[in-house]
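In: Next come a sequence and a model predicted from it.
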Amino acid sequence: MASSLTCAGVIWAFLSFLCAAASCVGFFMPYWLLGSQLEKSVSFGTFRRCSYPVRDESRQMTVMVEQCGRYASFQAIPSAEWRICTVVTGLGCGLLLLVALTALMGCCVSELISRTVGRVAGGIQFLGGKCSCAQGMGM
C-alpha cells in the first residue's frame, strides 16, 4: 500500500476523519437544546426535534408528540436563523468530510496528494471548521 503522505500527513488524515465524523454526528443529532415543555422532556437541533407540541383540533388542546423526527419542510424550521444555521453547518460538515476522505485516500494511493493539494485541503478544512463552528457562536 503506497502512500503520498508523510507520517504527520497520515496522523492528520485520521484526525481529520475523526473530527469530520464527530461534526456530522453532532449535526444530525437533535440534542442541541434540551429542556421541558408541558411536563415532558424535549430536545431539538437545527432540523430534528424530539417530543414537540402539536395542536389537536378534535380535542381543542395542545398535546405532546413523544417521538423524534425531522421538520416537515425547510420552511417548518422555527426561524430564519435556524435555517441559516442548518445550511451553513451542513456545508461545513460536507467540506470537512470531503477533505477527510480525500486525505484517507492519500494514505492508500501514491502521488494523490502533493504539497500544494495538502495546503489547499487544509484551507478548505479550515473553512469547513469555521462553518461548523459558526452555529455555536450564536449565528
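Out: Cool, the structure landed.
In: so how far is the first residue of stretch 108-124 from its last?
Out: Across stretch 108-124, the straight-line distance between its terminal residues is 21 Å, by C-alpha to C-alpha, to the nearest Å.
In: and it, how far from the chain's centre?
Out: The chain centroid and the centroid of stretch 108-124 are separated by 23 Å under C-alpha atoms, centre = their mean, to the nearest Å.
In: any idea which helix or strand of the chain has the worst average confidence?
Out: Least confident helix or strand, the chain: helix 115-134 with a mean of 71, by mean pLDDT, DSSP states H and E.
In: Not counting sequence-adjacent ones, nearest residue to Cys19?
Out: Across the structure, with C-beta to C-beta, 6 or more residues apart in numbering as the measure, the residue nearest Cys19 apart from its sequence neighbours is Leu96 (6.7 Å). (Each C-beta comes from the backbone N, C-alpha and C, glycine too.)
In: State whether the one you found is indeed within a strand.
Out: No - the assignment for Leu96 (DSSP: H, G, I helix; E, B strand; the rest coil) gives helix, which keeps it out of a strand.
In: what number of residues lie near it?
Out: A total of 26 residues lie near Leu96 under the criterion other C-beta atoms under 10 Å.
In: is it true that it touches Ala20?
Out: Yes - counting by C-beta atoms under 8 Å, Ala20 is a contact partner of Leu96 at 4.0 Å.
In: what residue is smack in the middle of this protein?
Out: Of all residues in the chain, the one closest to the mean position by C-alpha atoms, centre = their mean is Phe27, 3.0 Å from it.
In: Buried residues in the helix or strand where it lies, which are they?
Out: Using DSSP states H and E, the secondary-structure element containing Phe27 is helix 7-28. Using 16 or more other C-beta atoms under 10 Å as the test for burial, helix 7-28 gives 9, 12-13, 16-17, 19-20, 23-24, 26-27.
In: Closest one of these to Glu111?
Out: Proximity of the buried residues of helix 7-28 to Glu111 was ranked by C-beta to C-beta; the top entry is Gly9 with 13.1 Å.
In: Wait, the closest one touches Ala103, no?
Out: Yes - here Gly9 lies in contact with Ala103, judged by C-beta under 8 Å, at a distance of 7.4 Å.
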